[in-house]
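Asks: Output the structure for:
(2 chains)
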Amino acid sequence: ETGVTQTPRHLVMGMTNKKSLKCEQHLGHNAMYWYKQSAKKPLELMFVYNFKEQTENNSVPSRFSPECPNSSHLFLHLHTLQPEDSALYLCASSPLTGGVYEKLFFGSGTQLSVL
Amino acid sequence: AQSVTQLDSQVPVFEEAPVELRCNYSSSVSVYLFWYVQYPNQGLQLLLKYLSGSTLVESINGFEAEFNKSQTSFHLRKPSVHISDTAEYFCAVSPKGAQKLVFGQGTRLTINP
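Replies: Predicted structure coming up:
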């Protein structure tokens, strides 16, 4: 248990559905991240939030909409996804210690399948 | 920009044999270096890191990695592997001063009895 909890663990959705992924951390961290892990590809950073403010959007399509209501919670709202969006979505958190990723904690991820 | 290359996508070894997982990187600025491990059905966990100082770093479960600046490498080694080391291993770099972590594609380590 890393202190970062993601729900649901598995999600199957159609291309016209709307769903949300949830991430929660109680580590006192001020930065939260969404990563996408596809088969045969490196992990891709999607979004970064520092103190609830989005500081990075790595050219992510608008069908992915993040939300960070407070430093402990992070959501990823999904709508009109494509089959190629099927992947493992990982949430992570870290303290803001000068930009060094020495304390990056990952959740177990949500395995998303888009039909 | 930074990039990370893990030269082997899969490495099968026998239990108690030594193993080396290779990682090379490219960057125009100084970087910090990391190895993460992902056990089946779990998220990534930090295995070890190089920030500064001694170029040889060790983890609590017997892995070690050596930073070689001239060869821009950060290979991961273990002298004797165990079944429980079966996992996917990711090399990553972070430019100093930047809130950014760039991962390699991962190496799947399979331990055979």
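Asks: which residues of chain A fall in strands?
Replies: A:4-7, A:10-13, A:18-25, A:31-37, A:44-50, A:53-57, A:64-70, A:73-79, A:87-94, A:105-106, A:110-114 (DSSP state E).
Asks: Residue B:96 is nearest to which of those strands?
Replies: Nearest to residue B:96, of all the strands of chain A, is strand A:87-94, at 15.7 Å by Cβ to Cβ. For glycine as for every other residue, the C-beta is placed from the backbone atoms N, C-alpha and C.
Asks: Could you pull up the contacting residues of residue B:46?
Replies: By Cβ atoms under 8 Å, 6 or more residues apart in numbering or on different chains, residue B:46 lies in contact with A:102, A:103, A:104, B:34, B:35, B:36.
Asks: The second one - how many residues pack around it?
Replies: The one in question is residue A:103. Residue A:103 has 15 neighbouring residues, counting by other Cβ atoms under 10 Å in any protein chain shown.
Asks: can you redo the strands of chain A as JSON lines with mean neighbour count?
Replies: Supplementary listing: the strands of chain A in JSON lines, determined by neighbours: other Cβ atoms under 10 Å in any protein chain shown:
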{"stretch": "strand A:4-7", "mean neighbour count": "18"}
{"stretch": "strand A:10-13", "mean neighbour count": "14"}
{"stretch": "strand A:18-25", "mean neighbour count": "18"}
{"stretch": "strand A:31-37", "mean neighbour count": "23"}
{"stretch": "strand A:44-50", "mean neighbour count": "20"}
{"stretch": "strand A:53-57", "mean neighbour count": "12"}
{"stretch": "strand A:64-70", "mean neighbour count": "15"}
{"stretch": "strand A:73-79", "mean neighbour count": "19"}
{"stretch": "strand A:87-94", "mean neighbour count": "24"}
{"stretch": "strand A:105-106", "mean neighbour count": "22"}
{"stretch": "strand A:110-114", "mean neighbour count": "18"}
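Asks: Then residue B:66 would be within a strand, right?
Replies: Yes. According to DSSP: H, G, I helix; E, B strand; the rest coil, residue B:66 belongs to a strand.
Asks: does it have beta-bridge partners, and which?
Replies: residue B:56, residue B:75 (DSSP bridges).
Asks: Parallel or antiparallel, which strands does the helix or strand harbouring residue B:47 pair with?
Replies: Assessed by DSSP states H and E, residue B:47 sits inside strand B:44-50. Note on strand B:44-50: by DSSP bridges, its sheet partners are strand B:31-38 (antiparallel).
Asks: Strand A:87-94 and the strand it pairs with, what's the angle between them?
Replies: 130 degrees (axes from the mean of the first three to the mean of the last three Cα atoms, to 10 degrees).
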